[in-house]
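Chemist: Sequence and computational prediction follow.
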Number of protein chains: 2
Amino acid sequence: MALIVKKFGGTSVADAECMRRVARRIGEAQAAGDSVVVVVSAMGKTTDQLINLAKDVNPQPSDREMDMLMSTGEQISSAILTMALHALGHEAVSLTGGQAGIHTDHVHTKAKIQRIEPENIHAHVREGRIVIVAGFQGLTPEMDVATLGRGGSDTTAVALAAVLQADRCQIYTDVDGVFTADPRVVKKAVKLDEISYDEMLELASLGARVLQSRAVEFAKKYDVELEVLSSFTGAPGTVLRSEVANMEDIVVRGVAVDKNQAKLTIRAVSDRPGAAAAIFRELSAANINVDMIVQNVSAEGHTDVSFTVPADDLPKSKRVVEGIMEEVGATTVAVDDNIAKVSIVGVGMRGHTGVAARMFEALAAEDINIDMIATSEIKISVSIRRDQADRAMDVLHGAFELELSAS
Amino acid sequence: MALIVKKFGGTSVADAECMRRVARRIGEAQAAGDSVVVVVSAMGKTTDQLINLAKDVNPQPSDREMDMLMSTGEQISSAILTMALHALGHEAVSLTGGQAGIHTDHVHTKAKIQRIEPENIHAHVREGRIVIVAGFQGLTPEMDVATLGRGGSDTTAVALAAVLQADRCQIYTDVDGVFTADPRVVKKAVKLDEISYDEMLELASLGARVLQSRAVEFAKKYDVELEVLSSFTGAPGTVLRSEVANMEDIVVRGVAVDKNQAKLTIRAVSDRPGAAAAIFRELSAANINVDMIVQNVSAEGHTDVSFTVPADDLPKSKRVVEGIMEEVGATTVAVDDNIAKVSIVGVGMRGHTGVAARMFEALAAEDINIDMIATSEIKISVSIRRDQADRAMDVLHGAFELELSAS
């Protein structure tokens, strides 16, 4: 008998009809002989309603009280899903994060799980009950409610799977799994049967928003077998593991596009130690998440530094940079909000040469001009004009024959 | 410095505007130098919304899961009210029933408070914080969430006031206090400055629904000074105490009407020991709350038994009685759903004679015919035709000069 942890997100539990569908899905797994522990997010619009309620009385509500408020969303979901399981004749019980033994640090609204005491869950599972845990939450050492921040329910599921030594952690979502490229753009995109944690991490941070990076990192750290699948079809999804079959043979696992970027170029920065550090220290202090950074030193003791930031942060970034230009001896700052980042990701790149060349040639053949280039061990990213992003993804998908990836 | 427990009900915290008003009211008390602990109910329609959500997935949801669900209503209120206090610059903190140290028995949806561990509340109060407790809830010995059932937030407030040895417990509501009669019917009705617990218990159970009987009983048991007042005006309300000034001098404190009654008469019951017991045992087993009971023995070894029940329970009551008629040797059962109960209540009755006569004469003078009569130490109730109930209340209010009651 296997122990499975299943997580259902907001769109999977949006209303009563969705709850009934999810309850049937869970019931099937139990009928097949598995023990099931479920982690559930807040229902559809609950989160937004609660946020609006808070803003109505206080434009800057305290983090502790926001957690007290927001955690009710998952508590409601867990009770409703449990009732739906009862209606189908299943034994089930709901638990808040605290009742499930989830203990966090003090950082309200983005708490980290410190430890899990799974005795209560184990006791219910032994009694044959399906356990429905309110995701996204735990208790601080002072027994205050804390929420885990973005992707917290995914993290709850993976952490529970690790502590319970579950055989698999299934993340149900509104897509069928992880694809070789965005299937809405690339017609030939195919669903991957499996992918490594590292590849998924690169794809997730690039905008393939199927799983939060944090949950994937957690799964990697504790070697939890993670499956992403659809709550609507019930068909097999994509399995994440540390090692996947033929890993080295497959050079490129997928292509991702991020259109939510903007570029800043600081011209004629003094070519002396500490100049770049000063710039990025200021940006970091302003909470701006810098992505690609490119620098080329010129002959005259000056250099141009270019970097990308989330498009929403462009005005703030420009102000920060303008404030430090004198200090770093720069002359001007130029901005470009008409860019996109296109990346190819694959663990197999490590053992293969010529991957970058093949990528650049494929883009050149389609007259797509490359602006910036950044590479990591298992990823090559380029920035291009935003209106060419979809075509670039399609071209690269074909160039690396990703339509043959599955099976 | 006094310690005050304040309770705000659903209509007082219906929306953001109400929350801000309540926050100002609480802030004024703290500014006056008092320590304040607040108990809050769910916001306006939250409770109904949660019930509908549950019924949508399961027509008969389990009591444990209903408690898990419903308790979020008060948790939301407590967080929102705390945020509203923060917006006014006050130090405040919200606590769930469990965090406030409220422990209950196992009876989900109508749990009873077993004990309160007030250390957490005391610690916050010592730090100068206003403590906002989610009413209506506590934790069972298994650390499951349990709700206290009807009037649970009033009971929470009174129980906390008792344990915290508060100087006063103030129940804020949408009326100005306890009146000598329903002010919507009796134009000359006046607000009472004070009333004894016993008088309030008789008035509450008679339909003067300002306070739940359970909370008044609790206040009486632990001698908590209880004030009922308006959350809208902030004017002084009605104070409940065990002893009130001039208690013996005031014969009648108030007049109450209950129009939600129906009468059953069982004819020709055998006049033998156990016959009446058998009837009321069956009604009790069917969870029917019998109010007035009148029996007169006839000469022929038979008797007629009449009693009143809540109007909604009339069909069920009739079925129960019909099922036992043969056993008690009765011939027929007659029903009358066109009745109302009118009562006068006052501790002073004990020491005064002629109160009943004065009541009956006043009604007779207005051609209001009395059907049943029931009396207790501090109350006289009569049943009359329902369409005469309002006029009866007005007549009795005048006959006992209740318009002179206040001041």
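Modeler: In hand now; what should we look at? Residues are numbered from 1 along each chain as shown, chains lettered A, B, ... in the order given.
Chemist: so what's A:D304 scoring on pLDDT?
Modeler: The model reports A:D304 with a pLDDT of 85.
Chemist: ok but it is inside a strand, no?
Modeler: Yes. According to DSSP: H, G, I helix; E, B strand; the rest coil, A:D304 belongs to a strand.
Chemist: Now A:H103: phi and psi?
Modeler: Note on A:H103: backbone dihedrals following degrees, to the nearest 10 are phi -110, psi 130.
Chemist: what is it paired to in the beta sheet?
Modeler: A:R115, A:L139 (DSSP bridges).
Chemist: residue ranges of the helices in chain A, please?
Modeler: Using DSSP state H, the helices of chain A run over residues A:16-31, A:46-57, A:63-87, A:119-126, A:152-163, A:197-205, A:213-222, A:275-285, A:314-324, A:355-365, A:389-399.
Chemist: Let me have those in CSV, extended by distance to chain B.
Modeler: To be clear about C-beta, it is placed using only N, CA and C from the backbone, and glycine gets the same treatment. Compiled in CSV, these are given as follows (distance: least, CB to the nearest CB, whole Å):
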stretch, distance to chain B
helix A:16-31, 4
helix A:46-57, 4
helix A:63-87, 4
helix A:119-126, 8
helix A:152-163, 17
helix A:197-205, 31
helix A:213-222, 25
helix A:275-285, 27
helix A:314-324, 26
helix A:355-365, 50
helix A:389-399, 41
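Chemist: Please report the distance of A:I324 from A:Q295.
Modeler: 16 Å (CB to CB, to the nearest Å).
Chemist: More neighbours: the two, which one.
Modeler: A:I324 (17 against 14; other CB atoms under 10 Å in any protein chain shown).
Chemist: A:H108 and A:D63 touch, don't they?
Modeler: Yes. A:H108 is within contact range of A:D63, at 3.6 Å (criterion: CB atoms under 8 Å).
Chemist: These two - which one has more neighbours?
Modeler: A direct count of neighbours by other CB under 10 Å for A:H108 and A:D63 places A:H108 higher, at 20 against 16.
Chemist: List the residues that contact that one.
Modeler: A:S62, A:D63, A:R64, A:M66, A:D67, A:T140, A:D144, A:A146, A:T147 (CB atoms under 8 Å, 6 or more residues apart in numbering or on different chains).
Chemist: okay, the second one: pLDDT?
Modeler: Looking at A:D63, its pLDDT is 96.
Chemist: was I right about it contacting A:H106?
Modeler: No. Counting by CB under 8 Å, A:D63 does not reach A:H106; the two are 9.9 Å apart.
Chemist: so how far is B:R129 from A:V163?
Modeler: Counting by CB to CB - A:V163 and B:R129 are separated by 35 Å.
Chemist: A:V39 too?
Modeler: For A:V39, the distance to B:R129 - CB to CB - is 33 Å.
Chemist: for A:F307, same thing?
Modeler: For A:F307 relative to B:R129 (CB to CB), the value is 45 Å.
Chemist: Give me the more crowded residue out of the two.
Modeler: Of the pair A:F307 and B:R129, A:F307 is the one with more neighbours under other CB under 10 Å, namely 25 against 20.
Chemist: need the contact list for the more buried one.
Modeler: A:K263, A:L264, A:F280, A:V290, A:D291, A:M292, A:I293, A:V294.
Chemist: Just give the nearest non-adjacent residue to A:S284, would you?
Modeler: Leaving aside its sequence neighbours, A:S284 sits nearest to A:V290 (CB to CB, 6 or more residues apart in numbering or on different chains; 7.7 Å).
Chemist: isn't that neighbour right up against A:L283?
Modeler: Yes. A:V290 is within contact range of A:L283, at 5.6 Å (criterion: CB under 8 Å).
Chemist: which neighbours do the two share?
Modeler: Shared contacts of A:V290 and A:L283 (CB under 8 Å, 6+ apart): A:V309.
Chemist: tell me the pLDDT at A:K7?
Modeler: 96.
Chemist: nearest residue to it other than its sequence neighbours?
Modeler: A:K7's closest residue in space is A:A157 (CB to CB, 6+ apart), at 3.6 Å.
Chemist: per-residue pLDDT, that neighbour?
Modeler: 96.
Chemist: How about the contacts made by it?
Modeler: A:V5, A:K6, A:K7, A:V39, A:G135, A:C169, A:I171, A:A215 are the contacts of A:A157 under CB under 8 Å, 6+ apart.
Chemist: Verify the contact between A:P183 and A:G177 for me.
Modeler: No. With contact defined as CB under 8 Å, A:P183 does not count as touching A:G177 (10.3 Å).
Chemist: residue contacts, whatever residue of the stretch 201-350 of chain A ends up closest to chain B?
Modeler: Of all residues in the stretch 201-350 of chain A, the one sitting closest to chain B is A:S231 (15.9 Å; CB to the nearest CB). Contacts here follow CB under 8 Å, 6+ apart; on that basis A:S231 touches A:F8, A:G9, A:S12, A:C18, A:R21, A:V22, A:R25, A:Y172, A:T173, A:D174.
Chemist: For A:A334, which residues are in contact?
Modeler: If you count contacts by CB under 8 Å, 6+ apart, then A:A334 has A:L264, A:T265, A:R267 around it.
Chemist: Skip the chain neighbours and tell me the closest residue to A:Q165.
Modeler: On the basis of CB to CB, 6+ apart, the spatially nearest residue to A:Q165 that is not a chain neighbour turns out to be A:L3, at 7.4 Å.
Chemist: how much space is there between the one you found and chain B?
Modeler: For A:L3, the distance to chain B equals 23 Å [CB to the nearest CB, to the nearest Å].
Chemist: what's across from that residue in the sheet?
Modeler: When bridges are called by DSSP bridges, A:L3 pairs up with A:S35.
Chemist: Check A:R385 too.
Modeler: A:I339.
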